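Trainee: Structure of the sequence below:
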Amino acid sequence: MSSSTNRPTRAKTLLAIAFTGSMITSQLPALGQKSPEAAASAIEGITKNELSTPEEKAYCLLQLAFCCIKGGDMTALAESFKTNLVKLGPASFFSTSSRFENPLVSWVNNVSLLSHSAATAQSETVKTKISSGNLALADKTIEAAIQQLGQGSKKAEALNLYLVASCLSRIVENTRNEQKCAKVLNEAIQACESNEMVDSNQIKVISSILNSMAYGLIPIRIPDYQMKSPQQLPAFDMKSYDESERLKLRAAALLDRLPAGDHARRKVHRDLSLWYSQLGRDDKALREKAELFNLVGVKDDRILYPQSGMCGHLVWWIAAQSNITGLCGMG
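Mentor: Residues are numbered from 1 along each chain as shown. Presented below is the predicted three-dimensional model:
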């Protein structure tokens, strides 16, 4: 069976794993009952899986560490990975769909937010939920994940995992590992910003990472649909705002290297305009919207939100109502 034939199945498997992880880590049973021997066995089972890439192993190890920090059922999650990692095989671990947010990026955003919460006034609230045993176990699992990343293929997408490892290391207060991962990230970001010859995929990955960092400071999600009521703004100070804005503008500057018709370039200005609007920075929101109008060639607020296309697909950057005249054959 060809790789292209297997792709939909593999994508579904990845989504299933991400969903399983989120369900398990959303629970809060007492994880302290787990023995160190069982934990070591779970880590070893992942690291010695010869059918998985280092990036896949690192992802699973970081999910286990996240589960441990959140107080989830690490045993159940480890068993899920033991079964599903074999099915993933050599599939692209970072594939995404135009219909759904990449589950990896969504998770990176959440970990970024959790790490900033642990480093602020909420620190004691966050850490009182984590036993010393869980912190030690998470630290060991993160260490194993970083070792796997060091053996990986150096794909740009793996930088997302370095950001997760850095954030989780901050929570468990392993400064050495946090700085090690931050160094890899900073070097990659600076190299991308200084090299005009990097490809579009590298630009998009780096900009996504910058936006995940910004989300950790001010967690405002910009949905693809028009909300009926405004979001409740999170509490933040001006230092967080300034840093979050700086990161977002760096992401936009990278994407502005792409052609005017590139979806990611258009969307970063659309998202920035709505982000500024949420925060009451109307002058800056208008500036970003004007940039979007110039890129699209349409001056109409309706292009801020996509229209529904066939089979749930979204149609972006048109103001007139689209007419669906055909069937996609998917039932």
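
Trainee: Does Leu161 touch Lys154 like I think?
Mentor: No. In terms of CB atoms under 8 Å, Leu161 does not count as a neighbour of Lys154; the distance is 11.8 Å. For glycine as for every other residue, the C-beta is placed from the backbone atoms N, C-alpha and C.

Trainee: how about the spatially most central residue of the chain, secondary structure?
Mentor: Most central in the chain under CA atoms, centre = their mean is Val105, positioned 1.7 Å from the mean C-alpha point. Following DSSP: H, G, I helix; E, B strand; the rest coil, the label given to Val105 is helix.

Trainee: How much space separates it from Asn177?
Mentor: Counting by CB to CB, to the nearest Å, the gap from Val105 to Asn177 is 22 Å.

Trainee: who's more crowded, Leu161 and Lys154?
Mentor: Between Leu161 and Lys154, Leu161 has the larger neighbour count (other CB atoms under 10 Å), namely 27 against 11.

Trainee: element containing the residue nearest to that one when sequence neighbours are not counted, please.
Mentor: Counting by CB to CB, 6 or more residues apart in numbering, the nearest residue to Leu161 once its immediate chain neighbours are dropped is Ala58, at 5.1 Å. Secondary structure from DSSP states H and E places Ala58 in helix 54-70.

Trainee: repeat for Glu173
Mentor: Per DSSP H and E: nothing holds Glu173, as it lies in no helix or strand.

Trainee: Pull the contacting residues for Ile171.
Mentor: With contact taken as CB atoms under 8 Å, 6 or more residues apart in numbering, Ile171 is in contact with Ile69, Leu114, Ser115, Ala118, Val126, Ile130, Ala138.

Trainee: Just say helix, strand or coil for the closest residue to Ile203 other than its chain neighbours.
Mentor: Closest residue in space to Ile203, ignoring its immediate chain neighbours: Leu254 at 4.9 Å, by CB to CB, 6+ apart. Assigned with three-state DSSP, Leu254 falls in the helix class.

Trainee: any idea where the helices of the stretch 151-300 of the chain begin and end?
Mentor: With DSSP state H, counting those that start in this stretch as the definition, the stretch 151-300 of the chain shows helices at residue ranges 159-171, 175-194, 200-217, 238-255, 263-278, 282-296.

Trainee: Report the angle between the shortest one and helix 175-194.
Mentor: To tie it back to what came earlier, the one meant is helix 159-171. Helix 159-171 runs at 150 degrees relative to helix 175-194, counting by axes from the mean of the first three to the mean of the last three CA atoms, to 10 degrees.

Trainee: got the CA positions of helix 159-171 in CSV?
Mentor: What follows is the C-alpha trace of helix 159-171 in CSV, where atoms were taken according to Å, rounded to 0.1, in the frame of the first residue of the first chain:
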residue,chain,number,x,y,z
LEU,A,159,11.0,23.2,17.1
ASN,A,160,7.5,23.1,18.5
LEU,A,161,8.6,20.3,20.7
TYR,A,162,11.6,22.2,21.9
LEU,A,163,9.2,25.0,22.9
VAL,A,164,7.1,22.5,24.9
ALA,A,165,10.2,21.0,26.5
SER,A,166,11.4,24.4,27.5
CYS,A,167,8.0,25.4,29.0
LEU,A,168,7.7,22.1,30.9
SER,A,169,11.3,22.4,32.2
ARG,A,170,10.4,25.9,33.5
ILE,A,171,7.5,24.4,35.4
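
Trainee: Next, count neighbours for the closest residue to Ile189 other than its chain neighbours.
Mentor: Nearest non-adjacent residue to Ile189, counting by CB to CB, 6+ apart: Ile206, 5.6 Å away. Residues within reach of Ile206, counting by other CB under 10 Å, total 24.

Trainee: Next, the contact list for Ile206, please.
Mentor: For Ile206, counting by CB under 8 Å, 6+ apart, the contacting residues are Ala156, Leu159, Ala188, Ile189, Cys192, Glu193, Ala251, Leu254.

Trainee: Please tell me how far it sits from Leu159.
Mentor: Using CB to CB, one gets 7 Å for the distance from Ile206 to Leu159.

Trainee: which neighbours do the two share?
Mentor: Ala188.

Trainee: Count the residues that sit near Ala191.
Mentor: The burial metric for Ala191, expressed as a neighbour count using other CB under 10 Å, is 12.

Trainee: got the buried residues for the helix or strand encompassing Glu143?
Mentor: In this structure, Glu143 sits in helix 132-150 according to DSSP H and E. By neighbour count, with 16 or more other CB atoms under 10 Å as the criterion, the buried positions of helix 132-150 are 134-135, 137-146, 148-149.
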